[in-house]
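Trainee: Predicted coordinates and the sequence they were generated for:
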Amino acid sequence: MNEDRKKRGLANSNLLIAMAITTLIIGSSNAMANQTASGSSYKVTEQMQIQTVTGVVVDANGEPIIGASVVEKGTTNGIVTDMDGKFSLNVKVGTTLQITFVGYQPQDVKATKSMKVVLKEDNELLDEVVVVGYGTQKKANLTGAVSTVDVSKTLEARPQSDVSKALQGVVPGLTITNTSGKLNSKPTMTIRGTGTLSNSATSNPLIVVDGVPMDDISYLNTQDIDNISVLKDAASTSIYGTRAAFGVILVTTKSAKKTDKVTINYTNNFSWDTPTILPNYPDVATQARALRAANTRANLENELFGMYMDDNFIAKAEAWKQRHGGKKAGYREMIPGDDFDLGEDGSALYYADWDVVGIMFRDWKPAQSHNISIQGTSGKTSYFLSVGYNHEEGVMTFNPDKLNKYNANMNVTSDITNWLQIGGRFSYSDKAYTTPNTRRNTYTYMWRWGSFFGPYGTYQGIDMKNDIAYLKQAGDDKTNDSYTRIGAFLKATIIKGLTLNADYTFNINNKTTKSVGLPVICWNSWGGKLNTPTTAAGANGDTWVYQNSVRDNSYALNVFANYELTVAKDHHFNFMIGANAEEGEYQNHWSQRKGLLDDKLPEFNLATGDQTVGGTHNEWGTAGWFGRINYDYNGIWLLELNGRYDGSSKFPSSDRWAFFPSGSVGYRISEEKFFGPIKKVVSNTKIRASYGEIGNQAVGSNMYISTVSKRTDGNTHWLNGSNKVVAYDLPSLVSPTLKWERIQTLDIGGDFGFFNNELNISFDWYQRTTKDMLAPGQTMPDVLGAGAPKINAGTLRTRGWELSIDWRHHFNEVNVYANASIGDFKTVITKWDNDSQLLNENYSGKVYGDIWGFETDRYFTKDDFNADGSYKEGIASQKKLEQDGFVYGPGDIKFKDLNNDKEINGGEGTVKDHGDLKVIGNTTPRYQYGFRLGGEWKGIDIDMFFQGVGKCDTWTQSAFVMPMMRGADAIYANQANYWTDENPDPNADFPRMWPGNAGKGTVSVLDLGNHNFYPQSKYLVNMAYLRFKNLTIGYTLPKDWTRKVYMDKVRVYFSANNICELINKSNAPVDPEVNTSEAIANGGSSDYGNGTWGRVDPMYRTVSFGLQVTF
């Protein structure tokens, strides 16, 4: 109890300390303000010399520059130019104005009543400001590994409603993994690969939006984003503490800016999606022959749900094909005698060839988005307001899922005095997702039994027992996910160079799900007779209603001060010190009741069956003190030191706090005097290095507390007749030394610019070592009755590199650009206590993602066997691989005898004795790359983006990869070329058929496949690809036209996503971006055991057009 109170009070105690610091500094600033007030008589005199200056800022072509900063030198008095490049400002007579804009050379000009300022384009982009942890830095002075995203090209000019999907291939080292194309799916993001084996979720980067963590970036409206930075090394991320162990994605939303004109922006997009890659079936006769060949070989009946795959069936299927001109049938009423035979007893033989893709999928699914924003200034207050709406629909013809997303955003900033600025932020997102609650995953059954069985038509107006029936009659599964963020902030200038920043944000996430299971009325085509329609059960065996409510609230407080100091002109310092506190509370409650009285009124009080309930409740807290010192000597020598003292409620009090330091150095050789003669060619050269350590709270919330769990299995009822009694497991064992994981990162890199920085190149090499990972403890005796607790005992090392190249050039009225990035990494388990060193477990020296299997040689031929079926001399025996009646013969897979012992086996399945097994591939995406080409000319803009993966392998027990994965499964169009006695082709795509290749074979460490489909090199799926990811063509109307209709800017554009791709032609019919683990969440208990890999919502090609208008 005392320990629990300590945990809950951790962040509160630090919150009080942080608030005390804030009060102290604000108090000193108030005193300074009072001193300033005493000089008010001087100000009155000074104001008598004020004049109003008006002007316009343009580029070399005379085009107005929107948003240029115009500031009275030596003061904070300033404004930004409006949509016409104009400004108006009250300044002292004779003063100097500083005019700046990103990408242009700054100018100091003497103020006159009427001005025209021409800014020259500046290829010296090293003055660009980059957002980093708790502040900004000049790009020239960065010493850490930081990448920035071109938001205008990645988000604003492209139609994309999900931020994470838009970032794919854009940032080197950032991996975006799409599990499927499902509307409500959430991609997985990692920076520089997997960081820990303790908890996969903690390998994800920390997402920080406007200085505050956000768990799900999909809540954001892409049109509200102003800036994105990606922090990769410990020197850059350590300032954020425990939750930033594996990188940080910093997002800054659009904020209020000073302007003398109200600006209204409206954007829309209308798009249509179609699947990229879908499987399909060969004709029915081909499917039947494959089923018959497999069953005949295994001495099984050639039967599927009462239908025999004999010569009669094949003849009928071929006759149907001839009658219908080879075309597949669309969804319609089935005709007895033409589409199927109906016996007198109601038994049916279905042989029509149904167009599964054409029936189940719409050719194009629609989507649309609308966004409007208003920005302006009223007195000393500036504001930015926006609202957005996105609507998407699923691809299914029947009862498609729907997603509606609503966004609202407000940022307000007010200058209370010339030294104090306050502001507030409010954002709201609501996602309403509706999908049919079918019996099982629709894709699992649609891609299982072939194009003749379902079947996909109606009889007497009633559907068969198939996906169509379940979709059409399904209850709804509705999810409402709302996220609200409310925050306030202040920035106070205490004295020259010293500023105080404080912000407080409260996050409210409410998510409710309501699911309804309904009966399905259909003909039982699964072996039943067509006499009376069947009432198929709902998804849980009855009609039912289920509801789940989640409340996930958190707050974050940040207080930090910055002090800038220059000594002797050349020595520049920046000091920062601050405190951070976060707390969160998660509550979940679910309930379910069966036996609905009325299917149309699915409410708990209108059901009569059993009711079950459950729930969880969690609290957590983190706090930290942090500091940073930046130093540069005349912009040549650079140094940054960081430190954070972190605390987490997930650890016992003895190990709750820890200190994590980091540092980085840089040397800008190009700024040395001796570099002058070659600077026109090599305009920038910076060498940098960083090293740091950061903590990771990878443990569960209460892993250091021994807990007692209630038993939920069905083995307790016998203790009290038919009534279950409450029973509990023994208390869990815990490690008394549970502590932080420590992540140490070394990064060495360089930034180079050529030809006045028209060409820029950056390179990084890094090593990240994760120490004290949670690993299984020493095995305990079974009589103890409890499992061994996890201990801090593992070490993981990742080494990799990243390269990015950026080029841009201006030819008179033509601007062109090109950029590319590529990165690679390899992760090795360097320490893991595992005495057995079995290949299917973690062990020291294992390369993360390695796939063990056999090396395929060829197909066996008759010449490999003696007359009695034994192997001839010189042919290694595969007898030890045989099981379930399967015997290797001609047309089967022959593996290589790598250890030359004349026998194919897996040895002991260990690192030291693995027989003929070898590493055949790796699931890690290697050599991830992307490149962009584009240009602008007289209002026309074009942008092309390509993205891909150089090397990635997958071994899966999927029906798309291995024919006859299950005995009753059909084959697909890509599997029709297989070895037969009549066609003993050594180059056939697949071996001789056998029904049922799923499950474990005789090699204990190979879990996925048997018979001809033990893990092997031949059927390893190559997931490498190059994809033409996006093409966008836009046209901005001339201002002379738009001003006549009171518009400042009008741009129309066309865009296409996932246009085409280069992939391995022998691959399974699955999009290469689909992650291999998605099927676990979409049917069955095992991704591989059920062969459901790839049976998910497809990825999509998209065509769209849109409009961007500024008033």
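Mentor: All right, it came through fine.
Trainee: For residue 924, see how far away the spatially closest residue to residue 962 that is not a sequence neighbour is.
Mentor: Closest residue to residue 962 apart from its sequence neighbours, by Cβ to Cβ, 6 or more residues apart in numbering: residue 1013 at 4.3 Å. From N, CA and C alone the C-beta is placed, and that goes for glycine too. Separation of residue 1013 from residue 924 (Cβ to Cβ, to the nearest Å) stands at 23 Å.
Trainee: which residue sits closest to residue 954 in space, ignoring its chain neighbours?
Mentor: Nearest to residue 954 is residue 1021, by Cβ to Cβ, 6+ apart, at 4.4 Å.
Trainee: if I look at residue 254, how far off is residue 413?
Mentor: 12 Å.
Trainee: How about residue 760?
Mentor: Distance from residue 760 to residue 413, counting by Cβ to Cβ: 33 Å.
Trainee: quick one: contacts for the residue nearest to residue 962?
Mentor: Each residue near residue 1013 by Cβ atoms under 8 Å, 6 or more residues apart in numbering is listed here: 893, 957, 961, 962, 997, 1019.
Trainee: Pick out the lowest-pLDDT one from the residues you listed.
Mentor: The lowest pLDDT within the contacts of residue 1013 belongs to residue 997, which sits at 79.
Trainee: Give me the nearest residue to it, chain neighbours excluded.
Mentor: residue 1013 is the one closest to residue 997 (Cβ to Cβ, 6+ apart), at 4.5 Å.
Trainee: okay, residue 787: pLDDT?
Mentor: At residue 787, pLDDT is 66.
Trainee: that's a helix at residue 321, yeah?
Mentor: Yes - checked against DSSP: H, G, I helix; E, B strand; the rest coil, residue 321 lies within a helix.
Trainee: what's the spacing between it and residue 327?
Mentor: For residue 321, the distance to residue 327 - Cβ to Cβ - is 9 Å.
Trainee: Which residue of these two possesses the greater neighbour count?
Mentor: Neighbour totals were compared for residue 321 and residue 327, and residue 321 leads with 18 against 9 (other Cβ atoms under 10 Å).
Trainee: tell me the helices in this structure, going along the chain?
Mentor: Listed in chain order, the helices of the chain (DSSP state H) span 2-37, 40-47, 151, 163-166, 234-237, 284-297, 311-323, 356-360, 442-446, 467-472, 1039-1042.
Trainee: contacts for the third one?
Mentor: So that's helix 151. Against helix 151 from outside (Cβ under 8 Å, 6+ apart): 225, 226, 227, 228.
Trainee: Which of the residues you listed lies at the shortest distance from residue 111?
Mentor: Nearest to residue 111 among the contacts of helix 151, counting by Cβ to Cβ, is residue 226 at 29.5 Å.
Trainee: so who does that closest one touch?
Mentor: Per Cβ under 8 Å, 6+ apart, neighbours of residue 226: 151, 252, 253, 254, 255.
Trainee: list the buried ones in stretch 572-588?
Mentor: 572, 574-584, 586 (16 or more other Cβ atoms under 10 Å).
Trainee: Give me the subset of these that lies in strands.
Mentor: 572, 574-584, 586 (DSSP state E).
Trainee: Give me the below-cutoff pLDDT ranges for the stretch 201-350 of the chain.
Mentor: The model of the stretch 201-350 of the chain has pLDDT under 70 over residues 201-202, 260.
Trainee: Let me see the residues that make contact with stretch 391-398.
Mentor: 161, 183, 273-275, 331, 359-362, 365-369, 400-405, 435, 442, 468, 471-472, 1097-1098, 1100.
Trainee: Going by neighbour count, which of the residues you listed are buried?
Mentor: Looks like those have 161, 183, 273-275, 331, 359-362, 365, 367-369, 400-401, 403, 405, 435, 442, 468, 471-472, 1097-1098, 1100 buried, using 16+ other Cβ under 10 Å.
Trainee: just the strands in the stretch 801-950 of the chain please.
Mentor: For the stretch 801-950 of the chain, the strands defined by DSSP state E, counting those that start in this stretch occupy 814-831, 850-853, 856-859, 893-895, 918-922, 926-937, 940-951.
Trainee: same question, the stretch 51-200 of the chain
Mentor: Under DSSP E, counting those that start in this stretch, the stretch 51-200 of the chain gives strands at 69-72, 78-80, 86-92, 96-100, 107-110, 114-118, 129-132, 135-138, 146-149, 174-177, 188-191.
Trainee: got the contact list for residue 438?
Mentor: 467, 470, 471, 474, 539.
Trainee: Of those residues - the most surrounded one?
Mentor: Neighbour max across these (other Cβ under 10 Å) = residue 467, 27 neighbours.
Trainee: pLDDT weak spots in the stretch 451-600 of the chain?
Mentor: 537-541.
Trainee: Please enumerate the strands of it.
Mentor: 458-459, 462-463, 475-495, 498-517, 520-522, 534-536, 544-567, 571-594.
Trainee: can you pull the buried residues of the fifth one?
Mentor: When burial is assessed from 16+ other Cβ under 10 Å, strand 520-522 yields the following buried residues: 520, 522.
Trainee: Equivalent analysis for stretch 186-195, please.
Mentor: Under 16+ other Cβ under 10 Å, the buried positions of stretch 186-195 are 187, 188, 189, 190, 191, 192, 193, 194, 195.
Trainee: can you pull the contacts of residue 815?
Mentor: 808, 809, 935, 936, 937.
Trainee: tell me the domain ranges of this structure?
Mentor: 47-122, 126-255 (automatic domain parsing).
Trainee: Nearest to residue 342, out of those domains?
Mentor: Closest among the domains of the chain, using Cβ to Cβ: domain 126-255, at 38.3 Å.
Trainee: How far away from the center of its chain is the closest one?
Mentor: Computed by Cα atoms, centre = their mean, to the nearest Å, the chain-centroid distance of domain 126-255 equals 10 Å.
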